[in-house]
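Chemist: Quick one, what's the 3D model for this:
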Amino acid sequence: MITPSSPSARILAADDDHSALRVLDRILARGGFGEVRTTTDGTRVEALFREFRPDMVLLDLHMGAIQAPEVIRRLRALIPPEEHVPILVVSGDLSDESRLAVLSEGAADFINKPYSAGEVMLRVRNHLQTRLLHTAVREQNRTLEARVRERTEALERTAGEVLERLARAAELRDDDTGLHTRRVAELAGDLARAMGLPDGQVQALRLAATLHDIGKIGIPDSVLLKPGRLTPEEWEVMKSHTVIGARILAEGSSEVVRLAEHIARSHHERWDGGGYPMGLAGTDIPLPARIVALADVYDALTSDRPYRAAWSVPRVLEEIRSLRGTHFDPAVVDAFMDAVVPSLHAREAA
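Modeler: Coordinates of the predicted model:
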């Protein structure tokens, strides 16, 4: 570890006065600093900085063709925002104007010429100590951030597992395998990605979609498990699973639960306004619900039900095409046909 007097601390010193630079080099050597790179050419400071990666720069105010403020500006562009590399300006003519010029570019301190060995070592060690503390705090912050990320990811995994098991508990009431919610969630995620949603939203939608039928918990078995067609009265009861689901998920604090609430309420709405429970139409229906609506219908029609056998995939695709612009959002259908269906075929072939 670098300490304020460590010989491993790297110092870059630049001064166009050869004799003054030799004096500074000897002072630093006597102070225990063996990693010192020097130059009398101001135009080489930037290249040496890139190569040497110093812990500190000592820079003469007047460097011939290039002045200290310009050199500092270029060096600051090379230093990452989270890193602290002190730049100390040395000069025998530190007027107020000169001080303001270099301070405005990011100089950390000044050292007067002719050099006082005591002053040089005191300022160098103080600023190396500042860099050391800054680096230690930065590393500690990185460690803490990594721990927070790990714990957050663990909590998210736990929350996701709880939501998935809750969805499976509801699904098992009318699906012995409990796989419908998983298939709908996977298909909805594929559709969301095909429509260009960011990865974070895709993952949130995939998890939220598992809860689209959570409201079925509140539907009586006599209706939910009836093998034949429902009466008009029973159908009204069945439709209420959307409202029940939204009520169960209402006022959630997480993005996923809030998203799941919208999906549970609106995944049976239709593009033409003929759906339920609110009769929403077009883009008034939340996009996640429009996506899940298609995924839900596709999986339902390609799966066996107590009252009918599964449809063939070609028949289901033709049905979905026929419902483009009436039941389903045209953009969702297009994304499904163009991007998702080919991947489904590829999986089946594999």
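Chemist: middle-most residue in this structure, spatially?
Modeler: Gly200 (7.4 Å; CA atoms, centre = their mean).
Chemist: which residues in the stretch 101-250 of the chain form strands?
Modeler: Per DSSP state E, counting those that start in this stretch, the stretch 101-250 of the chain carries strands over the ranges 109-112.
Chemist: could you pull out the helices for it?
Modeler: With DSSP state H, counting those that start in this stretch, the ranges of helices along the stretch 101-250 of the chain come out as 117-171, 180-194, 199-209, 221-224, 232-239, 241-249.
Chemist: where in this protein is pLDDT low?
Modeler: 1-7, 94, 168, 170-178, 306-307, 345-350 (pLDDT under 70).
Chemist: Roughly how far does Arg37 sit from Ala108?
Modeler: Using CB to CB, to the nearest Å, one gets 19 Å for the distance from Arg37 to Ala108. Where you see a C-beta, it was placed from the backbone N, CA and C, and this is true even at glycine.
Chemist: Compare these two and say which is more crowded by neighbours.
Modeler: Ala108 (20 against 16; other CB atoms under 10 Å).
Chemist: got the contact list for that one?
Modeler: Going by CB atoms under 8 Å, 6 or more residues apart in numbering, Ala108 touches 86-88, 127, 130.
Chemist: Ala13 too?
Modeler: So Ala13 contacts 21, 24-25, 28, 36-39, 57-59 (CB under 8 Å, 6+ apart).
Chemist: List phi and psi for Ser31.
Modeler: Small correction: residue 31 is Gly, not Ser. phi -80, psi 0 (degrees, to the nearest 10).
Chemist: Quickly note the distance from the residue nearest to it when sequence neighbours are not counted to Thr143.
Modeler: Excluding the flanking residues, the one nearest Gly31 by CB to CB, 6 or more residues apart in numbering is Met121, at 4.8 Å. Note on Met121: its distance to Thr143, by CB to CB, is 32 Å.
Chemist: Neighbour count: the two, which is higher?
Modeler: Set side by side, Met121 and Thr143 show more neighbours around Met121, with 18 against 10, by other CB under 10 Å.
Chemist: count of neighbours near the closest residue to Ser98 other than its chain neighbours?
Modeler: In space, and not counting its chain neighbours, Ser98 is closest to Leu61: 6.0 Å by CB to CB, 6+ apart. Leu61: 23 surrounding residues under other CB under 10 Å.
Chemist: Surely Leu61 and Leu88 touch.
Modeler: No - Leu61 lies out of contact with Leu88 (CB atoms under 8 Å); the separation is 10.9 Å.
Chemist: follow-up on the earlier one: double-check the residue nearest to Gly31 against Ile27; I have them as touching.
Modeler: Yes - judged on CB under 8 Å, Met121 makes contact with Ile27 at a distance of 7.0 Å.
Chemist: Can you check which of the helices of the stretch 101-250 of the chain gets nearest to Leu344?
Modeler: Closest to Leu344 of the helices of the stretch 101-250 of the chain is helix 180-194 (CB to CB; 8.3 Å).
Chemist: who touches that closest one?
Modeler: 164, 167-168, 170-171, 199, 201-203, 205-207, 209-213, 288, 291-292, 294-296, 298-300, 303, 332, 335-336, 338-340, 343.
Chemist: from the chain's centre, how far out does that helix sit?
Modeler: 21 Å (CA atoms, centre = their mean, to the nearest Å).
Chemist: buried set for that helix?
Modeler: For helix 180-194, burial by neighbour count (16 or more other CB atoms under 10 Å) applies to 180-185, 187-194.
Chemist: do the same with stretch 316-330
Modeler: By 16+ other CB under 10 Å, the buried positions in stretch 316-330 come out as 316-317, 320, 323-324, 327-329.
Chemist: Could you tell me which of those residues belong to helices?
Modeler: 316-317, 320 (DSSP state H).
Chemist: Just give me the closest of the residues you listed to Arg270.
Modeler: Ile320 (13.1 Å).
Chemist: Could you verify my assumption that that closest one touches Leu294?
Modeler: Yes - counting by CB under 8 Å, Ile320 touches Leu294, with 6.8 Å between them.
Chemist: what is in contact with the two at once?
Modeler: 328, 333, 336.
Chemist: re the thing from before, and the furthest pair within the contacts of Ala108?
Modeler: Ile87 and Thr130 (12.2 Å).
Chemist: Span of stretch 54-65 from start to end?
Modeler: With CA to CA, to the nearest Å as the measure, the ends of stretch 54-65 fall 23 Å from one another.
Chemist: list the buried ones in it?
Modeler: By 16+ other CB under 10 Å, the buried positions in stretch 54-65 come out as 54-61, 63.
Chemist: before we move on, the earlier item: distance check, the residue nearest to the centre of the chain against Arg157.
Modeler: Here the criterion is CB to CB. By it, Gly200 lies 15 Å from Arg157.
Chemist: Leu24 too?
Modeler: With CB to CB as the criterion, Leu24 and Arg157 are 57 Å apart.
Chemist: Compare the two (neighbour count), which wins?
Modeler: The neighbour comparison of Leu24 against Arg157 (other CB under 10 Å) goes to Leu24, with 25 against 10.
Chemist: Take the contacts of Ala13 and write them to CSV, including secondary structure and distance to Tyr115.
Modeler: Converted to CSV, the contacts of Ala13 look like this (DSSP: H, G, I helix; E, B strand; the rest coil; distance: CB to CB, whole Å):
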residue, secondary structure, distance to Tyr115
Leu21, helix, 10
Leu24, helix, 6
Asp25, helix, 11
Leu28, helix, 10
Val36, strand, 14
Arg37, strand, 18
Thr38, strand, 14
Thr39, strand, 18
Val57, strand, 16
Leu58, strand, 10
Leu59, strand, 14
